[in-house]
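Q: Sequence below, structure please.
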Amino acid sequence: APLWDLVLNINLSSAERINDYLLENEAFNDNARIVCVSSISGIAGNLGQTNYAASKAGVIGLVQSVAPTLKKGITINAVAPGFIETAMTAAIPLQIREAGRRMNSMSQGGQPVDVAEAIAWFSNPASGGLNGNVVRVCGQSLIGA
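A: The predicted structure follows:
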């Protein structure tokens, strides 16, 4: 249970608390953008990491429940990365890492810049018509398709 709570606190509760505080204290300017980070695991689950998948599914629920309440042009959206090549994923055993890379239509892992560009897109003033959305950044992953 301690590990379960830790993962939910880091991935879900922290986002909720920060957003709630900023919204309640009117810290956002008009037309502000909130972009949360979910995961393909939050859409499709992840065997052996139920706590992680639940926390990332919770982020999607947070985005979808907060979106209709926002005013003054403020929006909230999320990105859902798939397998991304990072120092952390480099520590995954090679066979599992290769499977993660190949289980999408691009047959390669994503790069951190792919996620950053999706966040920048949601953050752009021109994205004001997007609210309550989740964009998969996964190379059309077969997982959660």
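
Q: Please read off the pLDDT at Asn46 from the model.
A: Asn46 carries a pLDDT score of 82 in this model.

Q: Find the nearest non-adjacent residue to it, please.
A: Ala53 (4.5 Å; CB to CB, 6 or more residues apart in numbering). In short, each C-beta sits where N, CA and C put it, glycine included.

Q: what do you get for Leu130?
A: The spatially closest residue to Leu130, leaving aside those adjacent along the chain, is Asn77, at 5.7 Å (CB to CB, 6+ apart).

Q: In which helix or strand does the one you found reside?
A: strand 75-81 (DSSP states H and E).

Q: What mean pLDDT does the helix or strand that that strand is followed by get?
A: Where DSSP H and E defines the elements, the next helix or strand beyond strand 75-81 is helix 87-90. The average of the pLDDT scores along helix 87-90 is 74.

Q: measure the nearest residue to Ile76 once chain neighbours are set aside to Ala1 for me?
A: With sequence-adjacent residues excluded and distances taken as CB to CB, 6+ apart, Ile76 is closest to Ile34, at 4.1 Å. From Ile34 over to Ala1 the distance is 30 Å, taken as CB to CB, to the nearest Å.

Q: Compare the two (neighbour count), which wins?
A: Between Ile34 and Ala1, counting by other CB atoms under 10 Å, Ile34 is the more crowded of the two (23 against 6).

Q: helix or strand for the nearest residue to Lys56 once chain neighbours are set aside, which one?
A: Nearest residue to Lys56, sequence neighbours excluded (CB to CB, 6+ apart): Gly42, at 2.9 Å. Taking DSSP H and E as the definition, Gly42 sits inside helix 40-44.

Q: Now that helix: buried residues?
A: Of all the residues in helix 40-44, those buried under the rule 16 or more other CB atoms under 10 Å are Ile40, Ser41, Gly42, Ile43, Ala44.
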